[in-house]
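Colleague: Show me the folded form of this:
(4 chains)
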Number of protein chains: 2
Amino acid sequence: MTDFFGFKPGCKVWLEKDGAVFGEGLYDLLSRIERTGSIAAAASEMGMSYRAAWGKIKVSEKKWQIRLVNTRVGGDTGGGASLTGEARMLLARFRELREGVNGLLIVHKFEK
Amino acid sequence: MTDFFGFKPGCKVWLEKDGAVFGEGLYDLLSRIERTGSIAAAASEMGMSYRAAWGKIKVSEKKWQIRLVNTRVGGDTGGGASLTGEARMLLARFRELREGVNGLLIVHKFEK
DNA sequence: TACCAATATGTTTATAATAACATAACGACA
DNA sequence: TGTCGTTATGTTATTATAAACATATTGGTA
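Modeller: The predicted structure follows:
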């Protein structure tokens, strides 16, 4: 997606349901939580505060009316977090949509 | 673009160059100016103030470093506005990109 | 010449989104 | 039992964006 008649085409996709939005930011955050097993680590990687990451999750859970993250507090590691099944499902759907659109944009470019 | 595994896929496209962005809002505004021959009429149609429309145009012209709108003030009609060639070109490119992506999204959906 | 509709801007207010700061609780382990 | 890293929240400050308000200018036409 480098050039489009001299301009760079931008594209942003998201999943929506009843006003609740699942976009790139939430996708990125949840992916990192899944990989690292920690909200704090995920936030740190993204250069965002734990407070901000936690807040984003809470707001999203309220909007989607589902749990996205299972957490545990205390213990030797201090605690941790993992994704719920619903969250993994949303991640998969989003990845699918995004990759599809990106791929098609490239096709569109070369077909010109 | 009605359904994607129970979710509604959202998509937003834009043209970019050196940080300057041409998106749906500017497209809509300029289209209406082209059709009505007036910034005030275009703004009114969109339920936005003349001040806001004018400001958006000015900021965009500064970012893109080109003139988007030719204006004339005074006279029997009070004045008016029309698009520059560069603006019409941007409109065409944007329309093309947007329609292309929308079409491909539909294809993507039915191919599933 | 007075009027009118549209362009042209400066200034202020309100709203929202984001960031920053601060503090508490938890629980395995040394 | 004290430490440490993580989750959990409330509160405040800062920024960014948008909306609202106000006023001046222009130039055909009646």
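Colleague: centroid residue for chain A?
Modeller: Compute the mean C-alpha point of chain A, and by C-alpha atoms, centre = their mean the closest residue is A:Tyr27, 0.5 Å away.
Colleague: what helix or strand is that one on?
Modeller: helix A:24-36 (DSSP states H and E).
Colleague: Establish whether that helix and chain B are in contact.
Modeller: No - shown here: helix A:24-36 not in contact with chain B (C-beta under 8 Å from any C-beta of the partner chain), separated by at least 11.4 Å. (Glycine included, C-beta is placed from N, CA and C.)
Colleague: what's that helix packed up against?
Modeller: With contacts defined as 3 or more C-beta pairs under 8 Å, 6 or more residues apart in numbering or on different chains; DSSP states H and E, helix A:24-36 has these neighbours: helix A:39-45, helix A:50-64, strand A:79-83, helix A:85-111.
Colleague: switch to 10 Å and redo it
Modeller: Counting contacts by 3 or more C-beta pairs under 10 Å, 6 or more residues apart in numbering or on different chains; DSSP states H and E, helix A:24-36 packs against strand A:8-17, helix A:39-45, helix A:50-64, strand A:69-73, strand A:79-83, helix A:85-111.
Colleague: Would the first one count as contacting DNA strand C?
Modeller: Right, the one you point to is strand A:8-17. No - against DNA strand C, strand A:8-17 shows no contacts by C-beta under 7 Å from any atom of the strand, the least distance being 13.4 Å.
Colleague: So what angle separates the directions of that strand and helix A:24-36?
Modeller: Relative orientation of strand A:8-17 and helix A:24-36, computed by axes from the mean of the first three to the mean of the last three C-alpha atoms, to 10 degrees: 70 degrees.
Colleague: is the helix or strand just after strand A:8-17 up against chain B anywhere?
Modeller: Following strand A:8-17 in sequence order, the next helix or strand is strand A:20-22 (DSSP H and E). Yes - legend: contact between strand A:20-22 and chain B by C-beta under 10 Å from any C-beta of the partner chain is shown at A:20-22.
Colleague: In chain A, what residue lies closest to DNA strand C?
Modeller: Residue nearest to DNA strand C within chain A: A:Gly74 (2.0 Å; C-beta to the nearest atom of the strand).
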